[in-house]
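In: This is a predicted model, with the sequence first.
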Amino acid sequence: MSASFPSLRLRRLRRTETLRDLVRETQISTDDLIHPLFIDEGIDEPHAIPTMPGLVRLPERQLAEQIRQLARDGLKAVMLFGISHHKDAIGSDTWKQDGLVARMVRTAKQAAPEMIVIPDLCFCEYTDHGHCGVVDDGEVNNDATLANLGKQAVVAAQAGAEMVAPSGMMDGQVQAIRVALDAAGFQHVAIMAYASKFTSALYGPFRVAADCGLKGNRAGYQLDPMNQRAALLEARLDEAEGADFLMVKPGLPYLDVLSKIREVSLLPVATYQVGGEYAMIKFAAQSGAINERQTVLETLGAFKRAGADVIVTYFAHDVARWLNTSTDSAGL
């Protein structure tokens with residue numbers, strides 16, 4: 001052996017699974033995960049989502065049992081998306097005391113009081129035009145939408161939500177919701193702001209799942225995928241308005257944004273592994289091109305390395321079950 005051979009052999013700590021576990025820098029656990037659910041008020045049996053294999057639109061009457069199962073498997077937070085059959089031009093069902101948003105939250109909290117229940121605050125699933133707010137002369141009216149978001153947030157809080165997640169990318173939405181919640185006595189309810197939400201091609205599977213397609217697009221209010229500085233400015237503004245979490249959506253294509261926000265903010269940071277990311281992994285795994293479990297855990301690790309404290313992912317229940325049956329937290 002040459003005397004000049006490096007004294008540090010990095011492979012020493014990779015020789016056995018136990019050594020690899022000992023020095024693993026990034027761990028995945030159910031504490032990191034939020035599971036999104038699609039709840040359809042108009043069906044009696046689960047409907048498979050063709051663009052998202054393995055996922056379903058859940059009948060409202062089955063929500064309680066689904067929440068209890070997720071809790072039994074170790075998950076601690078869910079994000080709720082409603083598929084409404086009572087749509088109108090402004091999404092008014094979302095701020096009714098007996099509307100779908102209120103019913104979903106109430107049911108979930110009653111089923112598992114310890115579960116963190118986070119309703120998505122938006123209007124695309126509840127409007128007959130599919131946009132994320134009030135539409136005037138073909139454009140979303142930002143300020144009129146803010147008033148409705150405040151009403152939606154208060155109804156969700158009254159139903160038991162500990163956190164709300166505004167996703168419409170309206171200017172000033174965090175401040176409007178914070179003011180409305182505080183005025184109604186819900187100072188303790190947190191806001192997970194979709195702070196940097198991009199106009200992404202990867203939302204297609206979600207739109208099928210949530211029945212929120214539309215003519216046109218949402219480019220007028222969601223971020224340009226090519227703009228990093230604008231994303232950082234959006235996050236900075238949401239933090240100043242009172243956000244408790246900052247979210248980046250989608251996940252893998254925007255790790256640079258996630259990392260930059262982590263560098264400049266002390267708030268908890270979330271990322272959303274969206275429907276297109278889920279579908280790409282699922283369809284590739286079904287074809288035999290990749291190993292699903294390894295790929296899922298590798299992507300979750302990438303989010304955590306980039307700075308995410310919390311990950312919203314449709315794989316959350318699968319990961320919980322994998323971790324319950326394995327001593328290898330990375331699965332690699």
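Out: Arrived safely, thanks for sending. Given the structure is predicted, the values throughout are model-derived calculations rather than measurements.
In: Can you tell me the closest non-neighbouring residue to Gln97?
Out: Nearest non-adjacent residue to Gln97, counting by C-beta to C-beta, 6 or more residues apart in numbering: Val155, 6.5 Å away. (Glycine included, C-beta is placed from N, CA and C.)
In: for Ala302, same thing?
Out: Leu255 (6.4 Å).
In: How about the secondary structure of that neighbour?
Out: At Leu255, secondary structure determined by DSSP: H, G, I helix; E, B strand; the rest coil is helix.
In: that older thread, show the pLDDT at the residue nearest to Gln97.
Out: Note for Val155: predicted pLDDT of 98.
In: ok, how many other residues are close to it?
Out: By other C-beta atoms under 10 Å, 21 other residues sit near Val155.
In: List the contacts of it.
Out: By C-beta atoms under 8 Å, 6 or more residues apart in numbering, the contact set of Val155 is Thr94, Trp95, Lys96, Gln97, Gly99, Val101, Ala102.
In: in which helix or strand would I find the last one?
Out: Assigned by DSSP states H and E, Ala102 belongs to helix 100-111.
In: just to revisit the earlier point, just name the closest of the contacts of Val155 to Arg229, please.
Out: Arg229 lies nearest to Thr94 out of the contacts of Val155, by C-beta to C-beta, at 32.6 Å.
In: Retrieve the pLDDT associated with the closest one.
Out: 94.
In: Can you give me the distance of it to Gln228?
Out: Distance of Thr94 to Gln228, given as C-beta to C-beta, to the nearest Å: 32 Å.
In: quick one, which of the two is more surrounded?
Out: More crowded of Thr94 and Gln228, by other C-beta under 10 Å: Thr94, with 27 against 15.
In: Where do the helices of the stretch 1-150 of the chain begin and end?
Out: 17-23, 63-72, 100-111, 142-159 (DSSP state H, counting those that start in this stretch).
In: what's next to stretch 206-217, contact-wise?
Out: 38, 49-52, 55, 57, 81, 83, 124-125, 129-131, 199, 274-276.
In: Do me a favour and average the pLDDT over stretch 182-189.
Out: Here the average pLDDT along stretch 182-189 is 98.
In: Figure out how far that stretch is from the centre of its chain.
Out: 23 Å (C-alpha atoms, centre = their mean, to the nearest Å).
In: Low-confidence ranges, this protein, go.
Out: Filtered on pLDDT under 70, the chain yields the residue ranges 1-4, 326-332.
In: check which helix or strand covers Leu258.
Out: Counting by DSSP H and E, Leu258 is found in helix 255-264.
In: List buried members of the contacts of Val155 by neighbour count.
Out: Thr94, Trp95, Gly99, Val101, Ala102 (16 or more other C-beta atoms under 10 Å).
In: how close does the last one get to Pro119?
Out: It refers to Ala102. Ala102 is 9 Å from Pro119, by C-beta to C-beta.
In: tell me, what's touching these two both at once?
Out: Ala156.
In: Quick check: the two most widely separated of the contacts of Val155?
Out: Taking C-beta to C-beta, the two most distant members of the contacts of Val155 are Thr94 and Gln97; they sit 11.2 Å apart.
In: still on that earlier bit, now the contacts of Val155 in a markdown table, with distance to Ala209?
Out: Output for the contacts of Val155, formatted as a markdown table (distance: C-beta to C-beta, whole Å):
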| residue | distance to Ala209 |
| --- | --- |
| Thr94 | 18 |
| Trp95 | 23 |
| Lys96 | 23 |
| Gln97 | 26 |
| Gly99 | 20 |
| Val101 | 17 |
| Ala102 | 21 |
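In: Can you tell me which of those residues lies closest to Ala184?
Out: Out of those, the member with the shortest distance to Ala184 (by C-beta to C-beta) is Trp95, at 11.9 Å.
In: Now for that closest one: which residues touch it?
Out: Val101, Asn148, Lys151, Gln152, Val154, Val155.
In: Name only those of the contacts of stretch 206-217 that count as buried.
Out: 38, 49, 51-52, 55, 57, 81, 83, 124-125, 129-131, 274-276.
In: Most widely separated two among those?
Out: Farthest pair in the buried ones among the contacts of stretch 206-217, by C-beta to C-beta: Leu55 and His129, 25.5 Å.
In: those helices in the stretch 201-332 of the chain, which residues are they?
Out: 204-210, 228-241, 255-264, 275-286, 292-306, 316-324.
In: Quick one, which of those helices gets closest to Gly172.
Out: helix 228-241 (7.0 Å).
In: Dump the contacts of Trp95 to TSV, plus distance to Gly172.
Out: Compiled in TSV, those are given as follows (distance: C-beta to C-beta, whole Å):
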residue	distance to Gly172
Val101	21
Asn148	13
Lys151	15
Gln152	15
Val154	17
Val155	20
